[in-house]
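Q: here's a sequence, model it:
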Amino acid sequence: MPRLARVLACLLALPWVVAAPAPAPVVEVVNLRTSQVRPGNGGPPWLETTLSLNVRPAGGGPAPLVSAVRVSLLLAFEVPGPAGGSRRTQAYAAAVECVALEPGRVEVRFYLPPEIQKRDQIRGDPKYWGVEITAGGEALPPARTAYSVNLASPAARTDFQRRLAPAAVANEGILQPQHLTPFALDYPRSTPSVVRREAR
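A: Next up, the predicted model:
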């Protein structure tokens, strides 16, 4: 048998192990809470929405991180209709990209300005909400806790995003991530660093 043929035969006889795909990181929504907060200058209150996230990196190493985590929030409030008509849904959306997240609990915050609360007569918590998360450009599978309790089924959550994400375009830029608000320096221990695209 020619030498090349013998080498090929030996190679084919070796057991081949296909490497398993690397596990994906996990960034889960633990809860969402809203509250009225006043800026340090004593102005009117803003509506603060806080997302608590639990972060579990996939890789090893001395300091594993999850890089380039984009958090997108869609809020929907039921508000009075014009001239006392039937109530309607008002939607707002915003997103922020965290530079990297360390393992454990972190908090991402978004704010609605006081003028919008007054204009749209927003009272209390959103009726519906949903969170979508990507890491390194890859969408992470949403946990049940990434949506409000009244969006119990996958079909309801898909319909919520399909109907209200386009509606939120009319309010683009109104729901603001923390670093663009008067609260940019608040909560320094639990607030991750973000990509500042407006600085380019």
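Q: now do the strands in this protein.
A: Ranges of strands in the chain, per DSSP state E, are 26-37, 46-56, 66-79, 88-101, 104-112, 128-135, 138-139, 176-177.
Q: tell me which of these lies nearest to Pro166.
A: Nearest to Pro166, of all the strands of the chain, is strand 88-101, at 8.8 Å by C-beta to C-beta. Using the backbone N, CA and C atoms, a C-beta is placed for each residue, glycine as well.
Q: now do the closest one against strand 66-79, angle only.
A: 170 degrees (axes from the mean of the first three to the mean of the last three C-alpha atoms, to 10 degrees).
Q: tell me the average confidence for strand 88-101?
A: Averaging pLDDT along strand 88-101 gives 94.
Q: show me which residues of it are buried.
A: Residues of strand 88-101 classed as buried by neighbour count (16 or more other C-beta atoms under 10 Å): 90-94, 96-98, 101.
Q: ok so, going back, including distance to Arg119, could the strands of the chain go into CSV?
A: Formatted as CSV, the strands of the chain follow (distance: least, C-beta to C-beta, whole Å):
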stretch, distance to Arg119
strand 26-37, 16
strand 46-56, 13
strand 66-79, 10
strand 88-101, 10
strand 104-112, 10
strand 128-135, 20
strand 138-139, 33
strand 176-177, 15
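Q: out of those strands, which comes closest to Leu185?
A: Closest among the strands of the chain, once you apply C-beta to C-beta, is strand 104-112, at 12.1 Å.
Q: between strand 128-135 and that closest one, find me the angle.
A: Orientation check (the same axes, to 10 degrees): strand 104-112 against strand 128-135 gives 130 degrees.
Q: just the buried positions in strand 104-112, please.
A: Buried, per 16+ other C-beta under 10 Å, within strand 104-112: 106-112.
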